[in-house]
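[1] Pasting the sequence and the predicted coordinates here, then a few questions.
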Amino acid sequence: MSSGQTNRTRTSIRALQVIIVSLTLIVLGRVFYLQIIEYEVYAALGQENSVRQEYIDPARGLIYDRNGKLIVDNEPIFSITITPSLFDEKKIPLLSSILGVSDSLLTARIQEAQNYSWHRTSRLFTEIDFSTFSAVQENLWQLPGIGHQIESKRHYPTEMEASHLLGYLREANESEYRDSPKLRLGDRVGKSGLEFVYEDTLRGQAGIKYSRVNVFGQALGNFEDSTLSRTPVEGTDIITTIDTGLQIFAEELMEGKRGAVIAMNPHTGAILALVSSPSYDLSRLAGRLDIEYWQAINADSTSPLYNRAVSSRQPPGSIFKPVMGITGLHLGIVTPETQVYNSGAYIRGRAYKDLADIGEYDLEEAITFSSNTYFFSLMDKIATRGKLNEWSNLIKDFGLGVPNNIDLPNANIGIIPDSTYLNNRFGERNWGLGDLINFGVGQGMISVSPLQVAQMTSAFSNGGYKVRPHLVQGFRTSDGQLTRVNIERDKINWVKDEYLEVIKKGMRGVVEEGSGRWYANHPEIEIAGKTGTAQNPHGLDHGWFTSFAPLDDPEIVVTAFVENAGFASISAAPIASLVIEKYLLGEIERNWIYEYVLNFEPVDPDASSDSVNVELNE
C-alpha cells in the first residue's frame, strides 16, 4: 500500500471515529436530558404506559317540581368499553359470544370506536345486564383493551308523563361529539324538552382516573400519582315551575284526545302544567334505545313526538275577539258603549255569517255572546282606515306572532299578518279587504299556539303585563348553591285599566251567560274565559277555551285546545275549568263534569239537534 493510500485510510478512520463519537455524545446528551433534566415530566408520562385511563361520568343533574318533589333522577347501568389500540381483533368471536351479539354487530361497533379514536376509550355497549357484565369481568384477562363503566340512565319516579316537557336523551351523533370537547363517543345528550335546552347545565364535567394494569389489561389497583386525575363535577339540578299533581290531573283529562293544555301563573309566567296529547313513554327512551318503540312513535299518524302546546299553529277563532276588542278601543274605532247591529250576517261584498242572536251588541256583549258581526265591522274599519300595520303591532304586544322565549325547543311564533307579510304571500298589493275581514274573528291567515294564547290571556288578567312563560325557576349546584331565575314582566304601556275592565266583564259573561255556562261555570270560583272554534277543512273543527280565575285576583290561567272535537263549549271548556278547580280547591267537586270529560265523544255540528246544549257561535 502506498503512503498516499495509507493517509487516506487513516483520514477515513478518523472521520468515522469522529462521527461515532459525535453520535454517542448526542445520544448520551439526549438520555441525560430526558433522564435528569426532564425526569419529572417524562417519568409521569412513562407511568402512563402502565396505567389505564378511565373516564368517570358525572351524575347528571336532577329535576324537581316547584314544591321540591323529585321528578327525574338517575339509576345505575353497566357499560362495556374498548380502547381500540389495545384490542386484539382475534378476540371478536369470544367477546361476541360473551355479549350475546353477532360478530358483524360487534365489528361495526369496534369500527365506530376506531373511527372516533384509536387510543381513547369509548363505549362499546351500554345498559347490559349484570350477568353479562360479570361474564365480561371474568374474562378481562383474555380481552385486552376491554373495560367497563358503571353509568346511569334517567328514571322517572312519579306518575306523570310530561314527555314533551322533560324530553329524552339519545346518544350524541358524530357531528355533536366531533364539535364538542365535552362529549365522547356513546355519550347521551338531551334531544328534546328541558333535557335539550339545559344540556350544558345538567351534564356536569367528566372525571378521569388511572388504574395500574398488567400486560393482559387487568386492573392491579389505583394509580397513586393523581396529578393527572380529575374529579368529576356533578351536573346542576333544575327546579321547575311544574305542579306535579296538576300535571298528572291535566294529563288524565287529555287521555285519548289530541291537543294541549297550558296552566300558568299570570303574574310570573311560571308554567304550572304543560300537556301535549298524545304523549309517549319516556322510560322506554331512557336507556338503550328501544328501536321498535322508536319506529312506532315516529310512524304514528297522531304524531306523539309533536309538542302541540308550543309548536302547534292554529287559527284561534273566537278566543281572538278579546284582543280585537282591546285594540279597537286603543285605536279609537270603538268605545265600550259603541253598539253594532247584528242582522244575522255582516254584508261586505258577500255575507259573513253570524250565529249570535239578532240585535245590538256593545263590546262586552259581543265578547259574552260572541257576535261575529261586531268584530267583522271592527276589522273592516281598521283595514279601510289604513291601520293594518298598527293593528298587527298592537296584537304582537300580547305575545302573538312573536317569539315568547320559553325554555323549550321548537316554539312556534305563529302569524299575525301585516302588509309586508301579505305582500310576500300574495304579491305587492294583490290582496284586499276580503282577505282581512276574517282576521276580526281569528280566522284567515292568523295562527297561534296554545302557549301564546295563555300568554295573551295572562295580560288580560294581570293588569296589562306581558310575562315570559318559563319552566325553570332555579338551579342548585352540587355544593348546594341556589340561583333563582329572574322573572321577566313588561307593562304594555298603551293598555288602560278601563280597557281591561270591559274585556274581563265580557269574558266573565261567557262563563255566566254565554257558551261556557254549562261546563265552565263553578259555584265557588269566578272563572272568566272565552270559547273559540278553529275551522278545520279535514274533519271536525278544533275547540279552544282560554280562561283565568279568580276574576278579581287571578292565580291561574288555563288554555285548553282539543283537535277535531267540535264545539269548544263542550270539549275544551270543561277541561280548563276542571284544571282551575283542581288547582284552586285541591279537589274536584263537580264529578259529573269530570266523568264527562274522561268519556268525552266529539259532537258533529251537522248532526246536532236542539237537545244538544251548545253555543253555535263560539
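    Yep, that arrived.
[2] Quick one: mean pLDDT over the host helix or strand of residue 379.
    Assigned by DSSP states H and E, residue 379 falls within helix 372-384. Here helix 372-384 scores 97 as its mean pLDDT.
[3] what about it, distance to the chain center?
    Offset of helix 372-384 from its chain centre (CA atoms, centre = their mean, to the nearest Å): 38 Å.
[4] neighbouring contacts of it?
    Here helix 372-384 makes contact (CB atoms under 8 Å, 6 or more residues apart in numbering) with 318, 321, 324-325, 327-328, 331, 333-334, 340-343, 345-346, 348, 352-356, 361, 363, 366, 388, 391, 433, 436-441, 617. Yep, even glycine has a C-beta here, placed from its N, CA and C like the rest.
[5] quick one: the nearest residue to residue 491 once chain neighbours are set aside from residue 118, how far?
    Counting by CB to CB, 6 or more residues apart in numbering, residue 465 is the residue found nearest to residue 491 once chain neighbours are left out, at 5.5 Å. From residue 465 across to residue 118, the span is 59 Å (CB to CB, to the nearest Å).
[6] Which members of the contacts of helix 372-384 are positioned in strands?
    340-342, 345-346, 352-353, 361 (DSSP state E).
[7] Centre-most residue in this structure?
    With distances taken as CA atoms, centre = their mean, the chain has residue 193 as the residue nearest its mean C-alpha position (2.5 Å).
[8] What is the three-state secondary structure of residue 124?
    Recorded secondary structure, residue 124: strand (DSSP: H, G, I helix; E, B strand; the rest coil).
[9] related to what we said a few turns ago, Serialize the ones in strands among the contacts of helix 372-384 to JSON lines and add fields for distance to residue 565, pLDDT and neighbour count.
    Shown next, in JSON lines, are these (distance: CB to CB, whole Å; pLDDT from 0 to 100; neighbours: other CB atoms under 10 Å):
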{"residue": "340", "distance to residue 565": "30", "pLDDT": "97", "neighbour count": "19"}
{"residue": "341", "distance to residue 565": "32", "pLDDT": "97", "neighbour count": "12"}
{"residue": "342", "distance to residue 565": "26", "pLDDT": "96", "neighbour count": "24"}
{"residue": "345", "distance to residue 565": "26", "pLDDT": "94", "neighbour count": "16"}
{"residue": "346", "distance to residue 565": "27", "pLDDT": "94", "neighbour count": "24"}
{"residue": "352", "distance to residue 565": "24", "pLDDT": "92", "neighbour count": "21"}
{"residue": "353", "distance to residue 565": "21", "pLDDT": "92", "neighbour count": "11"}
{"residue": "361", "distance to residue 565": "27", "pLDDT": "98", "neighbour count": "24"}
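[10] okay, those in a markdown table with distance to residue 370 next?
    Output for these, formatted as a markdown table (distance: CB to CB, whole Å):
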| residue | distance to residue 370 |
| --- | --- |
| 340 | 13 |
| 341 | 16 |
| 342 | 11 |
| 345 | 15 |
| 346 | 14 |
| 352 | 14 |
| 353 | 12 |
| 361 | 10 |
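[11] Help me confirm that residue 545 is found in a strand?
    Yes. The assignment for residue 545 is a strand, going by three-state DSSP.
[12] Mind jotting down where the helices sit in the stretch 451-600 of the chain?
    Here the stretch 451-600 of the chain has its helices, by DSSP state H, counting those that start in this stretch, at 497-512, 568-585, 591-598.
[13] So residue 465 and residue 118 - more neighbours on which side?
    The residue with more neighbours, out of residue 465 and residue 118, is residue 465; 17 against 12, by other CB atoms under 10 Å.
[14] Provide a list of residues in contact with the more buried one.
    Residues near residue 465 by CB under 8 Å, 6+ apart: 267, 458-459, 489-492.
[15] before we move on, what about residue 489?
    267-269, 465-468.
[16] Buried subset of those, written for ChimeraX?
    To isolate the buried members of those in ChimeraX, using 16 or more other CB atoms under 10 Å:
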select :267,268,269,465,466,467,468
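[17] could you dump the contacts of residue 489 to JSON lines with pLDDT and distance to residue 308?
    Shown next, in JSON lines, are those (pLDDT from 0 to 100; distance: CB to CB, whole Å):
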{"residue": "267", "pLDDT": "98", "distance to residue 308": "25"}
{"residue": "268", "pLDDT": "97", "distance to residue 308": "24"}
{"residue": "269", "pLDDT": "98", "distance to residue 308": "20"}
{"residue": "465", "pLDDT": "98", "distance to residue 308": "26"}
{"residue": "466", "pLDDT": "98", "distance to residue 308": "23"}
{"residue": "467", "pLDDT": "98", "distance to residue 308": "21"}
{"residue": "468", "pLDDT": "97", "distance to residue 308": "20"}
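[18] From the contacts of residue 489, pick the one nearest residue 181.
    residue 468 (32.0 Å; CB to CB).
[19] Just list the residues touching the closest one, thanks.
    Residue 468 neighbours (CB under 8 Å, 6+ apart): 269, 404-406, 487-489.
[20] Need these in CSV (columns: distance to residue 498).
    Converted to CSV, the contacts of residue 468 look like this (distance: CB to CB, whole Å):
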residue, distance to residue 498
269, 25
404, 27
405, 30
406, 31
487, 27
488, 26
489, 21
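[21] ok, of those residues, which one's closest to residue 425?
    Nearest to residue 425 among the contacts of residue 468, with distances taken as CB to CB, is residue 404, at 23.2 Å.
[22] Quick check: that closest one touching residue 450?
    No. Counting by CB atoms under 8 Å, residue 404 does not reach residue 450; the two are 11.3 Å apart.
[23] Looking only at neighbour counts, state which of those two leads.
    Higher neighbour count among residue 404 and residue 450: residue 450, with 28 against 23, using other CB under 10 Å.
[24] The more buried one contacts residue 312, correct?
    Yes. Shown here, residue 450 and residue 312 form a contact pair, counting by CB under 8 Å, at 6.4 Å.
[25] just to revisit the earlier point, closest to residue 241 out of the contacts of residue 468?
    Ranked by distance to residue 241 (CB to CB), the contacts of residue 468 are led by residue 269 at 8.6 Å.
[26] and that closest one, what does it touch?
    Applying CB under 8 Å, 6+ apart, the residues near residue 269 are 455, 458, 467-470, 487-489.
[27] go with 10 Å
    Under the criterion of CB atoms under 10 Å, 6 or more residues apart in numbering, the neighbours of residue 269 are 241, 399, 404-406, 454-455, 458, 462, 465-471, 487-489, 557.
[28] Just the buried ones from these, in ChimeraX syntax?
    Filtering those down to the buried ones (16+ other CB under 10 Å) takes a single ChimeraX command:
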select :241,399,404,406,454,455,458,462,465,466,467,468,469,470,471,557
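[29] Okay, and which of the contacts of residue 269 map to strands?
    Those of those lying in strands (DSSP E): 465-467, 489, 557.
[30] In those residues, find the pair that's most separated.
    489 and 557 (14.1 Å).
[31] and stretch 527-543, which residues are buried?
    For stretch 527-543, the neighbour count (16+ other CB under 10 Å) marks 527-534, 540-543 as buried.
[32] follow-up on the earlier one: let me know the closest of the contacts of residue 465 to residue 122.
    Closest to residue 122, out of all of the contacts of residue 465 and judged by CB to CB, is residue 489, at 47.5 Å.
[33] May I have the beta-bridge partners of the closest one?
    Here residue 489 sits in beta bridges with residue 467, as judged by DSSP bridges.
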